[in-house]
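**Student:** Let me see the structure of the following:
(4 chains)
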Amino acid sequence: MVQFLQQLINGLSIGSVYALMAVGYSLVYSIMNFSNFAHGGVIMLGAYFGFFGLTLLKLPFAVAFLLASFGTLLVAIIVERIAYKPLRERKAPFLYFIISAMGASILLENLVIATIGPTFRTYPEVFPKTPIELGPLAIGRLDLIIFVISAVSLSFLIFFIDKTKLGKAIQAASYNVKACALMGVNTDKVILTVFGLGGFLAGIAGVFFGMKYTVYPQIGNITTKSFIAAVFGGLGSLPGAVLGSVLLGIIETFVAGYLSSQFRDLIAFVILIAVLVLRPTGIMGKVTEDKA
Amino acid sequence: MDWTYIQGILMLAGINMIAVLGLSLLTGFTGLFSFGHAGFMAIGAYVGAWISASPASTPAGMGLPFILAIVGGGAAAGVVSYFIGRISLNLKGDYFCIATLGFGEAIRLIFNNVNRFGGARGWPGVPSNSSFLAILIADIVAVLFLANLVKSRHGRNMIAVREEELAAQIAGIDVFRSKMTSLVISAVYAGVAGVFFAHYMTFIQPKMFSLTKSTELTIIVIFGGLGSISGSVLGALVLTALPEVLRAFEIWRLVFYGAAVILIMVSRPKGLMGGLELTPSGIRKWTAERNALRQAKATLLAEDSGRKED
Amino acid sequence: MKKVLFAALAVALVLAGCGGGGDSNVIKVGWLGALTGDQAVWGENELNTVKMLFEEYNAAGGIEVGGKKYQFEVIGYDNKGDAQESVNVTKRLTGQDKVVAIIGPNASGNAIPMAPILEQAKVPDIATVATNPKVTVQDGKVKPYNFRVCFIDPYQGAVAAGFAYDKLNARTAAVLYDVSDDYSQGLREFFKINFEKKGGTIVADESFNSGDVDFRPQLSKIKAANPDVIFMPYFFKEVALSANQARDLGINATLLGGDGWPSDQLISMGGKAVEGSYFVNHLDYADPAVQDFKSRYKAKYGKETELNGFLAHDAVLVFVEGLKKAGKPNGEAIAKALEGIDVQGITGRIHISPETHNPEGKDAAILKIVNGQYIFQEKYAAQ
Amino acid sequence: MAAILHIRDLTKQFGGLTAVDAVSFSVPEGGIVGLIGPNGAGKTTIFNLITGIYRPTSGSIEYRGKSIVGLEPFRIADMGITRTFQNIRLFKNLSVFDNVLTACHLSANYSFAEAILRLPRFRAQEKHLTAKAEELLGIMNLSDYRDLIANNLPYGLQRRLEIVRALALNPKLLLLDEPAAGMNPDETEQLMRLIVRIRDDFGLSVLVIEHHMDLIMGVCEHIVVLNFGEKIAEGSADEISKNAQVIEAYLGTSEEAVDA
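**Tutor:** Presented below is the predicted three-dimensional model:
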């Protein structure tokens, strides 16, 4: 029983990290209908921004945190302008976006290796690392903080999308970008906003990832998992991304804890594929019927 | 300039070319995007090694001739892809991508855990059978096979699926079957490429067939141009050599590589060849299409002015 | 059409590969290893060491070989820690750059596929920390052009298991390893075999995948098995992360590792979590024999050398001895000369066995982390 | 005349919405039947049901006396039913000729191996396919545009190409979904003649959805009227134009639809 609860806590903790990353994927997917693989690179930069904010500039945590988030917001927008906008204007098929995104991801990772170096960096201890102990259970303090801040930023995001004019435009665009453009919505502005929001969340995810684990140029690779989580939950759906992430985290944990850690990822993939076969658009994905 | 070095790069390019041509059929001609072809390469590499490696070595092989390794490796990849296709080919767009990614990674994870094949520690002692000539012949056969395929009704059906799935169905094309054929052929190509790769490296390890390898293949296909065989050939040559040419830039070379990928997508969104074939008939076709467009514009203009005069 | 392409490609490669004339007084030595990717820290360290040593030889007027003084040129290439790139680089070094010998790489998976190319080109390679037995011996046959200066996985695994059982009095052990890494799988296998042979019990055998950062699911399972020691045969980034997470979960077992551990990063990232842990190493950092090299390295590059530097240092020593013994800058002759060579390196006495091309009888050092320092415990030889 | 297509109590529900509600009608062999009704009346849904894109909730569809319910679209196409789309679906990046050639595939049966090895049967059949595609383009006056990429064709010709592509399948029943959409009266007039000619030359039966009343009244021998998924009337052009229910539900309330 104790182990079960501990594994559940482990799973939620892993899932919450996936969730922060997956939401950024889903947000961009909902408008652009492609998987933005450059997102991993942006998250990695967020981790570095936060790290240098804390160590080089000796900023207080809150300031470094904001610096990282706004920094990645800017990076995400720059990536969009350089790597996607020309494709959008050409109405290129989604394959091209994905390849361009991969190019951006390779570029960002290696730019960091070439300039900052390949070594790992450790965040200074902002929050005490000792876990909260509930009897035999251990809950990381950082996990709780991550959980709270993720919840706050996700509710802020949902509020923004539901209540503001720009948010409504995003919603409308996620149904039909072309129709939106015809109705006088500035789609360019909508897309920039979406990338900005995705970038902002990437900054948060990066800083937390760095604090929880470490900072290194290949952080982007781990986002493959959050991409899987986003697909699992249903691409384009924000609640789906969160749900998919938490489920993936828990499934991985329980497979490793109770079945076999050797085959953990394998079983996770099998479950993923099973979900896709039964529900081809993920758990909460938008169903787009091909209209004849 | 040393020939062994250039030959080495050309051999690698030639091996990549086989896999790229297969992927080109799937992605360029059928419109399906795969992130798992490194997995099929892995199957080909391992089965090929198993068939040809000496029974005295560890891990032990069967010590059979190389040609059987090629056939066996390709067939094994094809069979596996058939079952994968049965499950995943009905998925759309990104969901199919992610399923292939899942399968590709799953295949690698399985090899990591199969001690019979050396696990993560790899399989050394694969015979060094991939000669320059063998690769060259395989490339020529691969190109001819593909060129004849896409110019037949089977190939046209695949292209129709890429262009407009629903219309293809209504035109009596068994979309699922076309996709399946395309997937299996592309997997056989990847498997054969894997066999050559194993017998070129003489050592294989599951980590050689990672997601990065799959995306590299896809990048080459897109770089060369979707729906162009000559583009894939050219893409495999250029992109395999590019990192070598950029070696002088040391740690900056992958930065340039990434930038080059973006630049090409942005400036030549149809890839190097853009669906055009560098063959006499391909060029004839291209000029015919251009002439037709010019003529059509002229006729329409004439009709337009004619109407205004009415 | 194809011919034109091939020609164009060849021209491009020529243009890229130009440089380095054929000065007969200069001996070219190759190096390969990772300068990008997650092993880049070590690659950079090795290349720096190799360059530094040969610069020192050059500054001292070169080395006399067969009655003639030679200068050295080091040509180092990045292999991204990738086997395929290693093959390309080896072809380039042997074919185009015409090096007489190659130092590196550090990863076994990168060293193994080099063998046929080396044999064809008749150029010897001295690997630094490639510990897989199959780097030098395949199916009972020694590979004529592959050598190394480090001990091998079975030995290291046996040392770790023996030390845990005999000196730490551990009777139960858990293993956490990287299933997708050859080095990690190798150490795990030999640790298990030897620990069980001694009479110990493996109570948990858990794995993760390269790139993972969260090990708590596996560690929670290990915690329930309550082992005396946890063997962690992987690299310092994952060691630091998993050690921290283990302590967070309230695991107090002694941690034990291999030569993937030593790094400044381990201490700065692992902190208190790795205090009191032991690992098998190639040398004792406090050994007087290594101090001179350490300070020279620091003076030149402004930072401490990593473990790889020491082994790269000894690889260079072994090469130079072999070169002198061969009496001519010729790969084949050097390879012959290397067999049975006996050199006092800074990591110990290196006697290259003609049967295995391994430095036979090289002791392992057991180090303990105390107050953030690597404290030498003892030389330990497995039986 | 025997019915080539027989639809009985056909019903299709999407969630709670009933798009087609117990509709029955027949298309006689060699006949031209019109299917009309306001937007959202379920006309295209019926096409999707006949061609197998949707599966009916209940009811039967019989083609030449055999049920085709549950068959995959390509099998139904094999059997001789094909269609055009309201929003044109050509193989956009292929030339006009290749669009037709691709659709001719049912007239060849060479195997995979024969294609790869370019054996005589492959060559002979390919020659035949090419000739057939050329002939169809000729009959439909599209030969001038043979090499043009379909996407670059003028709109009206794209519709015509879609019909040619359908004819390449040797269909027995052709379903046309708003073939005159976006055409001027001249072009509509041409199209009417074309439909009749196709029927006569190719020995087809035609089911056509259209808002142009001129066209419907001009060529259809029989008209089925739908409203909100239900059939409200059927009969000859004369009968329909006099039917009070039709006038009220359709003609009366939706003036612009008639003019459009």
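**Student:** and C:Ala174, helix, strand or coil?
**Tutor:** strand (DSSP: H, G, I helix; E, B strand; the rest coil).
**Student:** same check, this time on C:Leu367
**Tutor:** Three-state assignment for C:Leu367 (three-state DSSP): strand.
**Student:** With C:Lys80 instead?
**Tutor:** With three-state DSSP as the criterion, C:Lys80 reads coil.
**Student:** Contacts only, for it.
**Tutor:** C:Ala34, C:Leu35, C:Thr36, C:Gly37 (Cβ atoms under 8 Å, 6 or more residues apart in numbering or on different chains). In short, each C-beta sits where N, CA and C put it, glycine included.
**Student:** Filtering the residues you listed by proximity to chain B, which remain?
**Tutor:** Residues of those in contact with chain B (Cβ under 8 Å from any Cβ of the partner chain): C:Leu35, C:Thr36.
**Student:** can you tell me which two in the contacts of C:Lys80 are farthest apart?
**Tutor:** C:Leu35 and C:Gly37 (8.2 Å; Cβ to Cβ).
**Student:** Among these two, which residue is more densely surrounded?
**Tutor:** For C:Leu35 and C:Gly37, the more surrounded residue by other Cβ atoms under 10 Å in any protein chain shown is C:Leu35, and the numbers stand at 23 against 20.
**Student:** Tell me where the model's unsure across the chain.
**Tutor:** All of this is about chain A. Along chain A, the parts satisfying pLDDT under 70 run over A:178, A:182, A:285-292.
**Student:** not quite, I wanted chain D
**Tutor:** Where chain D drops to pLDDT under 70, the residues are D:1, D:250-260.
**Student:** Of all residues in it, which one is closest to chain A?
**Tutor:** Residue nearest to chain A within chain D (Cβ to the nearest Cβ): D:Asn48, separated by 5.1 Å.
**Student:** which non-adjacent residue is nearest A:Gln7?
**Tutor:** Among residues not flanking A:Gln7 along the chain, A:Gly257 sits closest, at 4.4 Å (Cβ to Cβ, 6 or more residues apart in numbering or on different chains).
**Student:** can you tell me the residue of the stretch 251-383 of chain C closest to chain D?
**Tutor:** C:Gly331 (47.4 Å).
**Student:** Can you tell me how far that residue is from D:Ile68?
**Tutor:** Distance of C:Gly331 to D:Ile68, computed by Cβ to Cβ, to the nearest Å: 76 Å.
**Student:** Same question for C:Gly270.
**Tutor:** According to Cβ to Cβ, C:Gly270 and D:Ile68 sit 69 Å apart.
**Student:** Same drill for the two, tell me which one is more crowded.
**Tutor:** Between C:Gly270 and D:Ile68, counting by other Cβ under 10 Å, C:Gly270 is the more crowded of the two (26 against 19).
**Student:** Show me which residues of the helix or strand where that one lies are buried.
**Tutor:** Under the criterion of DSSP states H and E, C:Gly270 resides in helix C:264-270. For helix C:264-270, the neighbour count (16 or more other Cβ atoms under 10 Å in any protein chain shown) marks C:Gln265, C:Leu266, C:Ile267, C:Met269, C:Gly270 as buried.
**Student:** Stretch D:150-157 now?
**Tutor:** Applying a neighbour-count criterion of 16+ other Cβ under 10 Å, one finds D:Ala150, D:Asn152, D:Leu153, D:Gly156, D:Leu157 buried in stretch D:150-157.
**Student:** how about that stretch, does it reach chain B?
**Tutor:** Yes: residues of stretch D:150-157 are located near chain B by Cβ under 8 Å from any Cβ, namely D:Asn152, D:Leu153, D:Pro154.
**Student:** end to end, how far does that stretch reach?
**Tutor:** Counting by Cα to Cα, to the nearest Å, you get 9 Å between the two ends of stretch D:150-157.
**Student:** tally of neighbours for B:Ala259?
**Tutor:** Neighbours of B:Ala259 (other Cβ under 10 Å): 19.
**Student:** quick one: average confidence on the helix or strand where it lies?
**Tutor:** If you go by DSSP H and E, B:Ala259 is part of helix B:253-267. The average pLDDT within helix B:253-267 is 84.
**Student:** again, but for stretch C:328-345
**Tutor:** Per-residue scores along stretch C:328-345 average to 93.
**Student:** Let's see that stretch as CSV, backbone CA atoms only.
**Tutor:** Backbone C-alpha positions of stretch C:328-345 (Å, rounded to 0.1, in the frame of the first residue of the first chain) are rendered in CSV as follows:
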residue,chain,number,x,y,z
LYS,C,328,60.1,4.3,-37.8
PRO,C,329,56.8,6.2,-38.1
ASN,C,330,55.0,3.4,-39.6
GLY,C,331,51.6,2.1,-38.4
GLU,C,332,52.3,-1.6,-38.9
ALA,C,333,55.7,-1.4,-37.2
ILE,C,334,54.2,0.6,-34.3
ALA,C,335,51.4,-2.0,-33.9
LYS,C,336,54.0,-4.8,-33.7
ALA,C,337,56.0,-2.7,-31.2
LEU,C,338,53.0,-2.1,-29.0
GLU,C,339,52.6,-5.8,-28.3
GLY,C,340,54.2,-6.7,-25.0
ILE,C,341,55.3,-3.1,-24.4
ASP,C,342,55.8,-2.2,-20.7
VAL,C,343,55.3,1.5,-19.7
GLN,C,344,55.0,3.2,-16.4
GLY,C,345,52.0,5.4,-16.9
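**Student:** gap between that stretch and the chain center?
**Tutor:** Relative to the centre of its chain, stretch C:328-345 is centred 20 Å away, using Cα atoms, centre = their mean, to the nearest Å.
**Student:** is the residue in the stretch 201-310 of chain B that chain C sits nearest to in a bridge, and if so with what?
**Tutor:** Nearest to chain C in the stretch 201-310 of chain B, going by Cβ to the nearest Cβ, is B:Phe203, at a distance of 4.0 Å. With DSSP bridges applied, B:Phe203 shows beta-bridge pairing to B:Pro124.
**Student:** Hmm, B:Val126 and it touching each other?
**Tutor:** Yes: applying Cβ atoms under 8 Å as the test, B:Phe203 and B:Val126 come out as touching, 6.5 Å apart.
**Student:** Show me which residues of chain D are close to chain A?
**Tutor:** Near chain A, the residues belonging to chain D are D:Thr44, D:Phe47, D:Asn48, D:Ile53, D:Phe85, D:Gln86 when assessed by Cβ under 8 Å from any Cβ.
**Student:** between those, which is nearest C:Asn132?
**Tutor:** Minimum distance to C:Asn132 across those is 57.5 Å, recorded for D:Ile53 (Cβ to Cβ).
**Student:** and the nearest residue to D:Cys220 once chain neighbours are set aside, which of the three is it?
**Tutor:** Spatial nearest neighbour of D:Cys220, chain neighbours left out: D:Gly34 (3.5 Å); criterion: Cβ to Cβ, 6+ apart. Following three-state DSSP, D:Gly34 is assigned to strand.
**Student:** which residues does D:Gly34 bridge with?
**Tutor:** Counting by DSSP bridges, D:Gly34 forms beta bridges with D:Val208, D:Ile223.
**Student:** thinking again about what came up before, so which elements touch the helix holding C:Gly270?
**Tutor:** Judged by 3 or more Cβ pairs under 8 Å, 6 or more residues apart in numbering or on different chains; DSSP states H and E, the packing partners of helix C:264-270 are helix C:236-248.
**Student:** what helix or strand is D:Leu5 on?
**Tutor:** strand D:3-14.
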